[in-house]
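Trainee: What follows is a predicted protein model with its sequence.
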Amino acid sequence: MENSMKARTVLATVSTLALATSLASNSVRGADLGSDPVYYKASPIEPFNPWMIRLRVLGVLPDAGGSSVNVPGAPSLSSPSAGLSISDQAIPELDITYFFTKNLATELILGVTSHHISGNGALTGLDIGKAWLLPPTLTLQYHFTDFGPLKPYIGGGINYTVFFNQSAANTSLASLAVTDLHIRNQFGAAIQFGFDYMLDRHWGLNFDVKKLWLRPEYFATVNNAVAVSGHANIDPWLVSGGVAYKF
């Protein structure tokens, strides 16, 4: 009798523990089922387009102080007593830039400009002629990207200038007249610095300064008889400003 009661007591205890364990398990499962998963939306990644174009007004400012003139048999009309002056010019200019990375890019500028050439020093007042220049310039640039919308850059590269539509003035001064003129095409070095100020993802403003070292050889004829030669140290500053569009 006593053993039977003990058995019933043990069974009752085991049943109570099993019920409690089941209820606890169901409660935990219910809590898990009741919790909705949380999803976070990733920020969109803007596609990287490597192309940028700029349309600018470009000022071409020659620095011809070191130009030379050699008139055979007339040292008083030759350097260092005489030199050249080359006019400034302003033109529209297109620039195409390709970004290899967000920092490293290459730029090609395109434009044509016309310049008037005259004498200075002992040849002051002598009209020599004019020529058109096609000076494509290719530079490798480094762009700084840590200043928000302001994106400064520096660069260096090479220029090749083609001279065309060259014409002598044929205007007499003190019985001297330049009757023929030829300027050779020339390679030159280039450096630059500038910045883009981006107004939004695509549009911005640009300011750019370049320095070219351009010293072509030239040949001229005076009075259809006297051969003159020398170097035209054009060495222009190219100062420009305009709008930029990043694709």
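Mentor: Sure, I can see it.
Trainee: in this structure, which spans are strands?
Mentor: With strands called from DSSP state E, the chain shows them at 51-61, 82-86, 89-99, 104-110, 113-121, 127-134, 137-143, 150-168, 178-183, 186-198, 203-213, 217-222, 226-231, 237-246.
Trainee: residue contacts, Gly59?
Mentor: Counting by C-beta atoms under 8 Å, 6 or more residues apart in numbering, Gly59 touches 88-90, 237-240. Heads up, the C-betas are built off the backbone N, CA and C, glycines and all.
Trainee: Might you list the low-confidence residue ranges for the chain?
Mentor: For the chain, the stretches with pLDDT under 70 are 1-44.
Trainee: what residue lies at the spatial centre of it?
Mentor: Glu107 (4.7 Å; C-alpha atoms, centre = their mean).
Trainee: Name the nearest residue to that residue, ignoring sequence neighbours.
Mentor: Closest residue in space to Glu107, ignoring its immediate chain neighbours: Thr97 at 4.6 Å, by C-beta to C-beta, 6 or more residues apart in numbering.
Trainee: Equivalent analysis for Phe144, please.
Mentor: Pro152 (5.1 Å).
Trainee: any idea how far Gln89 is from Asn159?
Mentor: 16 Å (C-beta to C-beta, to the nearest Å).
Trainee: neighbour count winner among the two?
Mentor: Between Gln89 and Asn159, counted using other C-beta atoms under 10 Å, Asn159 has the larger neighbour count: 21 against 18.
Trainee: if I pick that one, what's in contact with it?
Mentor: 135-138, 187-190, 212, 214.
Trainee: Could you rerun that using 6 Å?
Mentor: By C-beta atoms under 6 Å, 6 or more residues apart in numbering, the contact list for Asn159 reads 135, 137, 188, 190, 212.
Trainee: and what of Val162?
Mentor: Applying C-beta under 6 Å, 6+ apart, the residues near Val162 are 134, 185.
Trainee: same deal with the one 10 residues further on?
Mentor: Remark: with contacts taken as C-beta under 6 Å, 6+ apart, Ser172 is in contact with nothing.
Trainee: do that again at 10 Å, thanks
Mentor: When contacts are counted by C-beta atoms under 10 Å, 6 or more residues apart in numbering, Ser172 touches 126-127, 178, 223.
Trainee: quick revisit: okay, now the residue nearest to Glu107: neighbour count?
Mentor: 22.
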